[in-house]
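K.L.:
here is my input, please return the structure:
(2 chains)
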Amino acid sequence: MKKTGAQIVVECLKKEGVDTLFNYPGGAVIALFDELLHSGIRQILVRHEQAAVHAADGYARSTGKVGVTLVTSGPGATNTVTGIATAFMDSVPVVVLTGQVPTALIGNDAFQEADIVGITRPCTKHNYLAKDVSDLPRIMKEAFYIARSGRPGPVLIDLPKDVLAGSAEFKYPEKVSIRGYRPTYEGHPGQIQRAVKLMMKSRRPVLYIGGGIISSNASKEVTLLAERLGIPVTMTLMGLGGFPGNHPLSLGMLGMHGTYHANMAVMESDLLIAVGARFDDRVTGMIEAFAPHAQIIHIDIDPTSISKNVRVDLPIVGDCKRVLSKFFPLLEEEDIESFKAGLERWYQQIEKWKSVYTMNYDRNASVIKPQYVIEKIYDLTKGEAIIATEVGQNQMWTAQYYPFTKPRTLLTSGGLGTMGYGFPAAMGAQVAFPNRLVIDIAGDGSFQMNSQELATVAQYQLPVKIAILNNGYLGMVRQWQEFFCGKRYAQTCLKGVSPDFVKLAEAYGIVGLKATRPEEVVPILKKAFSIPKPVIIDFVVDPEENVYPMVPAGEPLNQMRLV
Amino acid sequence: MRHVITLLVENEFGVLARIAGLFSGRGFNIESLCVAESMDPTVSTMTLVTRGDDQIIEQVLKQLNKLIPVIKVVDLIEKDFVEREMVLVKVSATAETREEILRVVDIFRGKVVDVGTKTYTVEVTGDEKKVNAFLALLKPLGIKELVRTGRVAMVRGSKISTEPA
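P.N.:
The predicted structure follows:
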């Protein structure tokens, strides 16, 4: 039977099991919205297209499914770019459907025309311009497959108005066959064997795990491996939750704002086992000085990540989960007990580093310390909540003071560092999990980058909690200005020029709360968590608190500022 | 170091832009690029010449492979290969220089493809060295215009360039 392009798109979405769309309508996609009206697919109308992609991204990160966004042509499409680039940098499976002017007008500077395929080419895993309605089923099938397979990422499909209006026979392909795209999942058996031998010879090993552990659902395997061999584990920002942060073998996060002992352990290790991580500059510090004594094993599904920034001694291309699970039978052959016994001195060394410096803050302060708020959020939620962050100090304190114990409980823009990500991402996660507690830990600056979504959470009664650590500054930049610019706070002071967040909440018809003294923090959090509605909590915190430790950009990882 | 890279890619719109974008986005230069349909009309063959140290070239090859419409990537520098390019040159031809031009063209087994009142247009095919030597000889005679195709390359012997060694 013949169907219109719009009908075909909706049918394809159903075939892919899409239950939710984050969208914003417009002229070029009006037929598609008309078709969606009675499709049974839940639609969330955002208030800005950037937020639509962040919401789909939060939905994807929290569920592991593909998040889907639908927007119109021109400005609708260009507004998605930051969202797409955010998902791209953090390898999040998102499909973005954009409207386009009719094919005959493409390239004509038509009304609401933008070359979105050209614009997003470098920040999508792949993108399509559908020029023929009969190509739609194949393109939709491929897009979802590409988004979720291999190293996941965003895929954009541009849908010209006449293609949506045209008609063709609908048959959804059963299989995908793309000759230029065959991700490697299994890992080379010989390399895995060599990795085991290398591990057995090490005396100062560290597992360094990243977001790949989360996207390949390999938390169980990496935890078993660490426990079996007694190897300490450090996580990147993206890897938090991939290994329990409260586990005795956890070193916490490494890198620019990592723990003292994690950074020291990496610098002194003789074997670094990198799994699903990509040696980002915020992790390595000065690259020439990174882990100078270590041999490096690198397990990653993306060959381009291997030996990109640091030389790798033993690369294994494959899916983290499948590769790690192949270690266990090989370990049966090894003398694990004597290996573990050989690690005693390494553990002692790590304990020494822990006693040199433990992350802390002034617990007797008369003002609210932002770290205290985060610790109390953890205490009250027992780590069961889904936490989104914005970008900057709020993000780093969350990473430091909230020991994530489960995968897919942290939504944060690690690679691109997108301020304004957290709130819409939290919204997306709340749509996926209506009964879970979802909290956006925000800064007063970041939150204002997507605060228009208050209308969305109010409309759909999404009970997201927004905890604003309000220090009246763009705090992380202010911190850099304090350290490196002689305290000249150029364009970073927001004191007295931000809205009254309680009144803002009320203006949108949601609940606004405010805390100014430390003793108010716990009661107000309890109150907020008990309200089954969206709530903003304005925590007026110490304006000049800094994030420590800090490795200044480009310096070696063991050159940490501790106070 | 100079690398000659052969690619098999899907013969569809946008592929060239993806490949060019991969280079421009990282600030790498493409020295020459040649694209045309292969025996299979759904596949195009590209020959791409670029320069870079080993680490950069390794990244380039991996990134090329990562592009979805790229089917195959081979760095010919690891193999024994032949390369050719063609050049068209419009050279000013006066009573004094006509003889000399014809002699040079003959020596390089080139051809005069067009004759004007004041110019000869000649073609020569060869590897980079030969083409450069040819141009060096014509230069003093007055080159008006010059177009090079960029290089195409192929593995020597009965092996196929894009099959594993």
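
K.L.:
dihedrals phi and psi, residue 37?
P.N.:
Looking at chain A here, since you left the chain open. Here is the backbone geometry of residue A:37 (degrees, to the nearest 10): phi -50, psi -40.

K.L.:
let me rephrase: I mean chain B.
P.N.:
phi -60, psi 150.

K.L.:
check residue A:74 too.
P.N.:
phi 60, psi -120.

K.L.:
now it: how far from residue A:284?
P.N.:
40 Å (C-beta to C-beta, to the nearest Å). Any C-beta I mention is one placed from the backbone N, CA and C, and that applies to glycine too.

K.L.:
what parts of chain A come near chain B?
P.N.:
For chain A, the residues in contact with chain B (C-beta under 8 Å from any C-beta of the partner chain) are A:117-118, A:121-122, A:125-126, A:129, A:146, A:178-181, A:302-304, A:307-308.

K.L.:
in helices only, show me these.
P.N.:
Within the residues of chain A next to chain B, residues falling in helices by DSSP state H are A:117-118, A:146.

K.L.:
pull out the buried residues from the residues of chain A next to chain B.
P.N.:
A:117, A:121, A:125-126, A:129, A:146, A:178, A:180-181, A:302-304, A:307-308 (16 or more other C-beta atoms under 10 Å in any protein chain shown).

K.L.:
with distance to residue B:120 and pLDDT added, can I get the residues you listed in a markdown table?
P.N.:
As requested, those are exported to a markdown table (distance: C-beta to C-beta, whole Å; pLDDT from 0 to 100):
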| residue | distance to residue B:120 | pLDDT |
| --- | --- | --- |
| A:117 | 45 | 98 |
| A:121 | 44 | 97 |
| A:125 | 52 | 98 |
| A:126 | 49 | 98 |
| A:129 | 46 | 98 |
| A:146 | 53 | 98 |
| A:178 | 50 | 96 |
| A:180 | 45 | 95 |
| A:181 | 50 | 97 |
| A:302 | 54 | 97 |
| A:303 | 51 | 96 |
| A:304 | 49 | 95 |
| A:307 | 52 | 91 |
| A:308 | 51 | 92 |
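
K.L.:
out of these, which two sit at the greatest distance?
P.N.:
Greatest spacing in those, by C-beta to C-beta: A:129 and A:307 (34.1 Å).

K.L.:
do a quick rundown of the helices in chain B.
P.N.:
Shown for chain B, the helices assigned by DSSP H span residues B:15-24, B:54-66, B:98-107, B:128-142.

K.L.:
among these, which is nearest chain A?
P.N.:
helix B:54-66 (4.3 Å; C-beta to the nearest C-beta).

K.L.:
what angle do that closest one and helix B:15-24 make?
P.N.:
Going by axes from the mean of the first three to the mean of the last three C-alpha atoms, to 10 degrees, helix B:54-66 is angled at 150 degrees with respect to helix B:15-24.

K.L.:
for chain B, longest strand please?
P.N.:
When chain B is parsed with DSSP state E, its longest strand is strand B:81-92.

K.L.:
and for that one, what's in contact with it?
P.N.:
Contact partners of strand B:81-92, identified using C-beta atoms under 8 Å, 6 or more residues apart in numbering or on different chains, comprise B:4, B:32, B:47, B:76, B:97, B:101, B:113, B:118-128, B:131, B:134-135, B:138, B:141-156, B:161.

K.L.:
can you flag which of those belong to strands?
P.N.:
Counted as lying in strands by DSSP E, out of the contacts of strand B:81-92, are B:4, B:32, B:47, B:113, B:119-126, B:143-148, B:152-155.

K.L.:
for chain A, tell me which of these show up nearby.
P.N.:
When contact is defined as C-beta under 8 Å from any C-beta, the ones in strands among the contacts of strand B:81-92 do not meet chain A at all.

K.L.:
tell me the angle of the longest strand of chain B relative to strand B:119-126?
P.N.:
170 degrees.

K.L.:
name the residues of strand B:81-92 that come out as buried.
P.N.:
In strand B:81-92, counting by 16+ other C-beta under 10 Å, buried: B:81, B:84-87, B:89-91.

K.L.:
does residue A:457 touch residue A:450 like I think?
P.N.:
No - using C-beta atoms under 8 Å, residue A:457 is not in contact with residue A:450; the gap is 11.2 Å.

K.L.:
what about those two, which has more around it?
P.N.:
More crowded of residue A:457 and residue A:450, by other C-beta atoms under 10 Å in any protein chain shown: residue A:450, with 28 against 25.

K.L.:
for that one, what are its contacts?
P.N.:
Neighbouring residues of residue A:450 by C-beta under 8 Å, 6+ apart: A:48, A:50-51, A:54, A:420-421, A:423-424.

K.L.:
and those, which of them are buried?
P.N.:
For the contacts of residue A:450, a burial check counting by 16+ other C-beta under 10 Å picks out A:48, A:50-51, A:54, A:420-421, A:423-424.

K.L.:
packing partners of the helix or strand hosting residue A:11?
P.N.:
According to DSSP states H and E, residue A:11 maps onto helix A:5-15. Applying 3 or more C-beta pairs under 8 Å, 6 or more residues apart in numbering or on different chains; DSSP states H and E, one finds that helix A:5-15 contacts helix A:30-36, helix A:136-148, helix A:161-165, strand A:167-169.

K.L.:
do that again at 10 Å, thanks
P.N.:
strand A:2-4, helix A:30-36, strand A:67-71, strand A:94-100, helix A:136-148, strand A:154-160, helix A:161-165, strand A:167-169 (3 or more C-beta pairs under 10 Å, 6 or more residues apart in numbering or on different chains; DSSP states H and E).
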